[in-house]
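Take a look and give me a structure for this.
(one chain, ligands or ions: 1)
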Amino acid sequence: MSLRFPRRTFVRSIFAAGAVASFPAVSWARVAGANERLRIASVGTGGKGWSDLTGVAASQYVDVAALCNIDSSEKHLGQAAVKYPDAKQYSDWRKVLDDAGSFNAVLVSTPDHMHAPIGLAAMQLGKHVFCQKPLTHTVHEARQMALAAAKYKVVTQMGNQIQSHEAYRTAVAIVHAGLIGKVKAVHSWQGGKPRWPRDIERPAGSDPVPSNVANWDQWLGVAPERPYKAEIYHPFNWRGWRDFGTGQLGDFGCHILDPVFKALKLTSPTKVEADAPKIKPETWTTWATVRYQFPKTEYTAGDSLPLTWYDGEGVTAPREAFKDIPESVKLPGAGSVLVGEKGSLVVPHVALPTLFPADKFSSVEVPKVAGVDHYVQFADACRGMGDTTSHFGYAGPLTETVMLGTIGVRLPGESLTWDAEALRVTNNEAAQAMVSKPYRKGWEPSWV
Ligand SMILES: NC(=O)c1ccc[n+]([C@@H]2O[C@H](COP(=O)([O-])OP(=O)(O)OC[C@H]3O[C@@H](n4cnc5c(N)ncnc54)[C@H](O)[C@@H]3O)[C@@H](O)[C@H]2O)c1
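Alright, predicted model coming up:
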């Protein structure tokens, strides 16, 4: 497969110190303007798309122009069509983009494998884009989304809405206030049991495509053809299948690692290595541990920062990693611990963070930061009011990191060395091949 990887100079500018933070600057000619209304098109109006749509449309300055779903049933297109009766209805997102004059922004809430194809095409038309997490399905796509946002100077926001919750904002403020000192290590985990299938083989045969699903081919999109099987992929269960989803790390990494990235100003790891069971040909594993090394930042101690991710039913990080936290303290089912030179911070997913040793911090004034509305923040930024905090200049590198971890899960035991600027795993060709993927003929995205 031949891929046009981005020019090195352009990429270098993304990773230059401070450049990531400056990404949201948009061309003011493109933003709608504070007194104008924003017109949105929603692609994938069911599942999480329902809260994306109603969340952005909650702004009194937003009109819903277009609704797109491959499934016309009540939970998917139906309820959105009832709530927004003036919006045009579509089953094919390419037809939505053909009608580009009728909206300024696109919400992408489809399964992961279609985020980049739809998001890139929308940005190439100069549309602002709100896209669900993880931003993309591959590392290469994440780079492309960041490059496109910069090139087309559009407003962007990834849908990791918990970033805007007071819990995560407070965790970032505590680290920036220096309460735990420079951070020596991070442990992050998701110990919940996913409700979607993992570690299974593809079921035999096919089922008739139900009449409410307009077009199974549309749902497959860029992914290789496969027959429809009821309740196996659409809706929701696609997460466990590698052609469509990104496993437990992909599902939660862009949430749980987000306050760590924000607090420590991380960009790209230099090394990734995973422990995981042998992976089945098409699905994700039931557990994984991924060890990253990041270059030092102003908020980390030492020459590099070790960050370890754990997923699997009931897992947390090993207790011996936390000498500041007594065994009697129950760790959250999902979250992170940042181990600093002056103390440790437990950041649950999602609750206010806690400082340890508890007695050391009992009389310390701890900053508390109010939450903001992640969706309305996007709508406002499109109208020229303020910036988004999970713009693709930030969400791209975060998603690259998460997707690199998923490559590690596919190649357990391999120590992978990552050159972010070149977008290359420098020591493992099998891993490098997983930085991108083949696309179905006729569905190849148009790269930046
Ligand atoms: N931010 C969060 O907290 C959060 C929570 C859940 C899901 N998500 C993300 O939201 C996305 C959707 O997840 P979900 O659980 O809602 O999945 P889902 O399968 O339940 O819903 C996806 C919706 O998109 C529609 N759809 C699928 N392909 C389409 C296409 N090509 N064109 C138009 N519509 C299409 C489906 O019919 C369905 O209505 C995923 O990327 C997921 O990771 C984020």
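
use CA for all of it now, contacts and neighbours both
Will do.

For the stretch 301-448 of the chain, just list every one of the helices.
Assigned helices in the stretch 301-448 of the chain, in chain order: 358-361, 374-382, 392-410, 429-433 (criterion: DSSP state H, counting those that start in this stretch).

for those, which one sits closest to Gly343?
Set against Gly343 and scored by C-alpha to C-alpha, the helices of the stretch 301-448 of the chain come closest in helix 358-361, at 8.5 Å.

Which residues does the closest one contact?
Leu355 (C-alpha atoms under 8 Å, 6 or more residues apart in numbering).

any idea how far that helix is from the chain center?
The gap between the average C-alpha position of helix 358-361 and the chain average comes to 34 Å, counting by C-alpha atoms, centre = their mean, to the nearest Å.

Quick one: name the residues of this structure near the ligand.
Residues of the chain lying close to the ligand (C-alpha under 6 Å from any ligand atom) are 43-49, 68-71, 76, 93, 109-112, 132-134, 159-161, 218-219, 234-236, 251.

Buried subset of these as a PyMOL selection?
To isolate the buried members of the residues of the chain next to the ligand in PyMOL, using 16 or more other C-alpha atoms under 10 Å:
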select buried, resi 43+44+45+46+48+49+68+69+70+71+76+93+109+110+111+112+132+133+134+159+160+161+218+219+234+236+251
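
Go through the residues of the chain next to the ligand and flag which are in strands.
If you go by DSSP state E, the residues of the chain next to the ligand have Val43, Cys68 in strands.

just checking, which of the residues of the chain next to the ligand belong to helices?
Lys48, Gly49, Trp93, Gln218, Trp219, Asp251 (DSSP state H).

pLDDT score for the fifth one?
When you say that, I think you mean Trp219. Trp219 is assigned 98 on the pLDDT scale.

Number the chain from 54, please
Fine by me, first position is 54 from now on; the one you just mentioned is Trp272.

residues contacting it?
Listed by C-alpha under 8 Å, 6+ apart, the contact partners of Trp272 are Ile123.

State the distance from it to Glu497.
Remark: distance between Trp272 and Glu497 (C-alpha to C-alpha, to the nearest Å) = 15 Å.

Repeat that for the last one.
For Asp304, the distance to Glu497 equals 24 Å [C-alpha to C-alpha].

Repeat that for the first one.
With the distance defined as C-alpha to C-alpha, Lys101 ends up 25 Å from Glu497.

What of the fourth one?
With the distance defined as C-alpha to C-alpha, Gln271 ends up 14 Å from Glu497.

Likewise for the second one?
From Gly102 across to Glu497, the span is 24 Å (C-alpha to C-alpha).

Could you list the low-pLDDT ranges of this structure?
The model of the chain has pLDDT under 70 over residues 54-87.

show me what contacts the residue nearest the centre of it?
The structure's the chain has its C-alpha centroid closest to Pro187; by C-alpha atoms, centre = their mean the separation is 2.4 Å. Pro187 is in contact with Asp165, Met211, Gly303, Asp304, Gly306, Cys307, Thr452, counting by C-alpha under 8 Å, 6+ apart.

go on, Leu120?
Contacts of Leu120 by C-alpha under 8 Å, 6+ apart are Ala94, Ser95, Val96, Gly97, Thr98, Leu130, Ala133, Ala134, Ala140, Lys141, Gln142, Tyr143.

can you give me the end-to-end distance of stretch 304-314?
Terminal-residue distance, stretch 304-314 (C-alpha to C-alpha): 17 Å.

let me redo that: stretch 249-263
21 Å.

Over to stretch 93-103?
Per C-alpha to C-alpha, stretch 93-103 runs 13 Å from first to last residue.

which residues touch it?
For stretch 93-103, using C-alpha under 8 Å, 6+ apart, the contacting residues are 106, 115-123, 128-130, 133, 146, 149, 156-163, 289.

Kindly report the same for stretch 135-149.
So stretch 135-149 is contacted by 94, 96, 117-124, 134, 171, 267-268, 271 (C-alpha under 8 Å, 6+ apart).

Could you do stretch 493-501 as well?
Identification of contacts with stretch 493-501 by C-alpha under 8 Å, 6+ apart yields 57, 59, 169-170, 173-174, 197, 200-201, 274-278.

ok now stretch 221-237, how far from the chain's centre?
From the chain centre to the centre of stretch 221-237 is a distance of 22 Å (C-alpha atoms, centre = their mean).
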